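Trainee: Everything below, folded, please.
(chains A and B)
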Amino acid sequence: MENAFGQPQNVVVLGGSSDIARAITKKLCAARTHTVVLAGRNQELLDVAAAEAQEYGATKTDTVIFDAEDPSNAKRTVEQAFEKVGDQVDLVIVAIGLLADQFAIEDDTKAVTSMVMTNFAWPVIALAEIRRRLVAQGSGRILVISSVAAVRVRRSMYLYSGAKAGLDRLCDGLADSLQGTGVSLQLLRPGVVRSRMTQGQVQKVPFTTGVNEVAENVMRGIASGDRVIWSPPALRYVFAVLRHLPAPLWRKVMDGKSTR
Amino acid sequence: MTRATLYGWGRTTPSVATLASPESELAVVEQFATGSALIARGLGRSYGDAAQLSGGLVLSNLALDELGSIDEHGVLTVGAGVSIDQVLHASIPQGWFIPVTPGTRQVTIGGAIAADVHGKNHHRDGSFCQHVLEIRLVTPSGAFRVSPTSDAGLFWASAGGMGLTGVITSATIQMARIETDKVLVDTERFADLDGVMAAMKERDHLYQYSVAWVDCMTRGAHMGRAILTRANHATASDLERVTLKAPKPAKLVVPFDAPSGLLNPLSVRAFNELWFRSAPKLQQNEAQELPTFFHPLDGVRDWNRLYGKRGFVQYQFCVPEDAHETIVEAISRLSSSGVASFLAVLKRFGPANPGPLSFPMPGWTLALDLPVGARALPQVLDDLDSLVLEAKGRVYFAKDARLAPEKVRLMYPRLEEFLDVKYRVDPHHQMSSDLARRLQLVGT
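Mentor: Reported below is the predicted structural model:
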């Protein structure tokens, strides 16, 4: 069960070996989390993340392998993760994301399919199953890792950014649908984060943070129950302005230097 | 039967369950037959998640509302859903008072037994269950009449058992004689904690009721300044005009949630200052109405909404007599942590009763309300848990919403004894609650 400070005991992490997910899991385990089930595509990386969770206080960890490019396994993955927890699940973190060099892949149908499947289709189908299970159990919390890129889709990464935007908007409605069910959904919108995913993909921009800072903002956001958690928090205001910029200006500000 | 979102008085961890309101013991038995995990719920005044069960079945006891008549010896049998308020309405005009009352009248008798509540007279009269002559308890293996002499094991496991042995459907209570509806109160103001604790130690035995309000936000020389109020029931000869009037319902209501953050270190400090300064330095034999003395917060309905959407936690612990220093250290840590805490309640406890999960132990108890939101709060309280544990003390389940499960077995060393009795009547672990799951009190 979650306690009065929003500290969960049983946690499922989909995309559990991602750097952001690992940083969050560590902080959760340092508080009250004792059971963690990590799902991801690479057993070795998951084992590392699981060992890390134990080091930070988890007493029971397990892993589930899945391929996020194939949405047909999303439901089964959620089922397996919940079964491995073997108790009520207090928090499900959806940390699935695939970033690629837009200019290299935008004409490649196969690569485009991967982007949409991983960043949108898989998480949405997983969320349907997560929702069903948590509503039946009468309590629980879902944290979906979106991105500030979802706030306004930009030319230089419209596939990633657009798929995340779809997920982000969908979660808005999904969160509303959870009113009165005992279940809540929170969106995390981090700015650029120094991690394996962004390595070599994203240029250094203002408000870039490390994963620990993101995890810290998540801890605060979970405790306060904010619908959208921004990291760093100042991005809320930055994007309140950016999203309303006239298109030519938006292109220049965001992608001026990266147009090829 | 409806799906309902349920939470405790601190409004921190809502969960959704199926809510039923059985009107008879037979109807309770039928609910057990569904096989669903279940827990009883009264007026929802436990602060945390004791009376909720996410995804399970919650049985409101409020329809078990039969109020019997008080016989000439003061023996009263009531349905478990009858509140102390309802009991007092009937009993005070007849010259009987509830033997033990917590700080609110808005608790059911079933809840009072399940939490083995205590009042300002614990040092003299013990806790609620010591005045219970028998209960009717529906368990997964049948309905039983249990008392301190008939299946004492089950009776005492249910006393403070947080509803985990079964659903209490009715109880027979020994009421206490009163001649008037007044208490004679002595009030003293103390500039520091040592002063008030010494005064309590020396002279509490002269009073049936005693409680101190301690300021946990003032640092330095006046750390732990306090107002001590102690009282005895007024006899007919103490007063010019003798009355026996029932308490009046609350006149004030908090109509909506205050913004979270209304109760912050600044506003709470100002409140504490006002409260402290408005108390007389020394006042003796002041005749007070029973509700004014026992249930001051009942004057404002839904006062928990003042804490806003995020809610609050109450932290209450007790430590043995010789752990006087733990109280001092706890208040010192709280006052220097910058966490907003309203006046804390300090009391002395008398001897414990046989209940394996009953909270009180001879010594000291401190209770404080803390708004959720301060970043440091979770850690401050975890550290206090360790401090309490070192002193061989414990935290009160009825208030808890955040204790770490691994500390429970250390604080309640008789937990296994409790579980032996529970599993005898509940072999399939049907009785559970969000609190029981969170604290891993019972197997899942």
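
Trainee: Do you have the helices of the stretch 151-300 of chain B handy? List them.
Mentor: B:152-158, B:193-203, B:265-278, B:290-294 (DSSP state H, counting those that start in this stretch).

Trainee: same check, this time on the stretch 51-200 of chain A
Mentor: All helices of the stretch 51-200 of chain A, identified by DSSP H, counting those that start in this stretch, fall at A:74-85, A:102-105, A:109-116, A:122-137, A:158-177.

Trainee: how about these, which one is nearest chain B?
Mentor: helix A:122-137 (4.3 Å; C-beta to the nearest C-beta). Where you see a C-beta, it was placed from the backbone N, CA and C, and this is true even at glycine.

Trainee: what mean pLDDT does that closest one have?
Mentor: Taken as a whole, helix A:122-137 has an average pLDDT of 98.

Trainee: now do stretch A:62-71
Mentor: pLDDT averaged over stretch A:62-71 gives 96.

Trainee: any idea how far the residue nearest the centre of chain A is from B:G311?
Mentor: With the centre of chain A defined as its mean C-alpha position, the nearest residue by C-alpha atoms, centre = their mean is A:I145, 2.1 Å away. Relative to B:G311, A:I145 is positioned 27 Å away (C-beta to C-beta, to the nearest Å).

Trainee: Equivalent analysis for A:L245, please.
Mentor: In terms of C-beta to C-beta, A:L245 sits 40 Å off from B:G311.

Trainee: Could you do B:S150 as well?
Mentor: 41 Å.

Trainee: still on that earlier bit, the residue nearest to the centre of chain A contacts A:Q186, correct?
Mentor: No. The pair A:I145 / A:Q186 is not scored as a contact, 10.1 Å apart, by C-beta atoms under 8 Å.

Trainee: Now do residue 93: how many residues are near it, please.
Mentor: Answering for chain A, as no chain was given. By other C-beta atoms under 10 Å in any protein chain shown, 27 other residues sit near A:I93.

Trainee: try again with chain B
Mentor: 13.

Trainee: so it sits in a helix?
Mentor: Yes. Under DSSP: H, G, I helix; E, B strand; the rest coil, B:P93 sits within a helix.

Trainee: my guess is it contacts B:A246, does it?
Mentor: Yes. With contact taken as C-beta under 8 Å, B:P93 and B:A246 are classed as touching, separated by 6.0 Å.

Trainee: Redo the helices of the stretch 51-200 of chain A as JSON lines? Include distance to chain B and mean neighbour count.
Mentor: Formatted as JSON lines, the helices of the stretch 51-200 of chain A follow (distance: least, C-beta to the nearest C-beta, whole Å; neighbours: other C-beta atoms under 10 Å in any protein chain shown):
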{"stretch": "helix A:74-85", "distance to chain B": "11", "mean neighbour count": "19"}
{"stretch": "helix A:102-105", "distance to chain B": "39", "mean neighbour count": "14"}
{"stretch": "helix A:109-116", "distance to chain B": "34", "mean neighbour count": "15"}
{"stretch": "helix A:122-137", "distance to chain B": "4", "mean neighbour count": "21"}
{"stretch": "helix A:158-177", "distance to chain B": "14", "mean neighbour count": "19"}
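
Trainee: Test of understanding: give the bridge partners of the residue lying closest to B:M1 once chain neighbours are set aside.
Mentor: Excluding the flanking residues, the one nearest B:M1 by C-beta to C-beta, 6 or more residues apart in numbering or on different chains is B:A20, at 4.8 Å. On the basis of DSSP bridges, B:A20 is bridged to B:L59.

Trainee: Neighbours of B:A20, how many?
Mentor: Residues lying near B:A20 (other C-beta under 10 Å) number 20.

Trainee: likewise B:F256?
Mentor: Neighbours of B:F256 (other C-beta under 10 Å): 8.

Trainee: can you pull the contacts of it?
Mentor: B:R305 (C-beta atoms under 8 Å, 6 or more residues apart in numbering or on different chains).

Trainee: can we see that at 10 Å?
Mentor: Neighbouring residues of B:F256 by C-beta atoms under 10 Å, 6 or more residues apart in numbering or on different chains: B:D302, B:R305.

Trainee: just to revisit the earlier point, check the helices of the stretch 51-200 of chain A for me: which has the lowest mean pLDDT.
Mentor: Among the helices of the stretch 51-200 of chain A, helix A:102-105 carries the lowest mean pLDDT (a mean of 90).

Trainee: tell me what that one is packed against?
Mentor: helix A:109-116, helix A:158-177 (3 or more C-beta pairs under 10 Å, 6 or more residues apart in numbering or on different chains; DSSP states H and E).

Trainee: contacting residues around the closest residue to chain A within the stretch 101-250 of chain B?
Mentor: Per C-beta to the nearest C-beta, B:M162 is where the stretch 101-250 of chain B lies closest to chain A, at 14.0 Å. B:M162 sits next to B:39-40, B:46, B:50-51, B:111, B:114-116, B:357, B:397-398, B:400, B:418, B:431, B:433, B:435-436, B:439, B:441 when contact means C-beta under 10 Å, 6+ apart.

Trainee: Could you do B:L387 as well?
Mentor: Contacts of B:L387 by C-beta under 10 Å, 6+ apart are B:F317, B:V319, B:A323, B:E325, B:T326, B:E329, B:A330, B:R333, B:G393.

Trainee: what's the answer for B:I135, then?
Mentor: Contacts of B:I135 (C-beta under 10 Å, 6+ apart): B:80, B:109-110, B:113-114, B:129, B:144-147, B:154-155, B:158-159, B:166, B:168-173.

Trainee: tell me, which of those make contact with chain A?
Mentor: Filtering the contacts of B:I135 for proximity to chain A by C-beta under 10 Å from any C-beta of the partner chain leaves nothing.

Trainee: Number of residues surrounding B:K392?
Mentor: Other residues close to B:K392 by other C-beta under 10 Å number 16.

Trainee: partner residues bridging the closest residue to it other than its chain neighbours?
Mentor: Nearest non-adjacent residue to B:K392, counting by C-beta to C-beta, 6+ apart: B:P320, 5.8 Å away. For B:P320, the beta-bridge partners under DSSP bridges are B:G363.

Trainee: Now for B:P320, how many residues are close by?
Mentor: Residues lying near B:P320 (other C-beta under 10 Å) number 15.

Trainee: What of the one 10 residues further on?
Mentor: When neighbours are defined as other C-beta under 10 Å, B:A330 has 26 of them.

Trainee: and chain A, which residues reach chain B?
Mentor: Counting by C-beta under 10 Å from any C-beta, chain A comes close to chain B at A:1-7, A:9-10, A:31-32, A:34, A:59, A:86-88, A:90, A:134-140, A:179-184, A:219-220, A:223-225.
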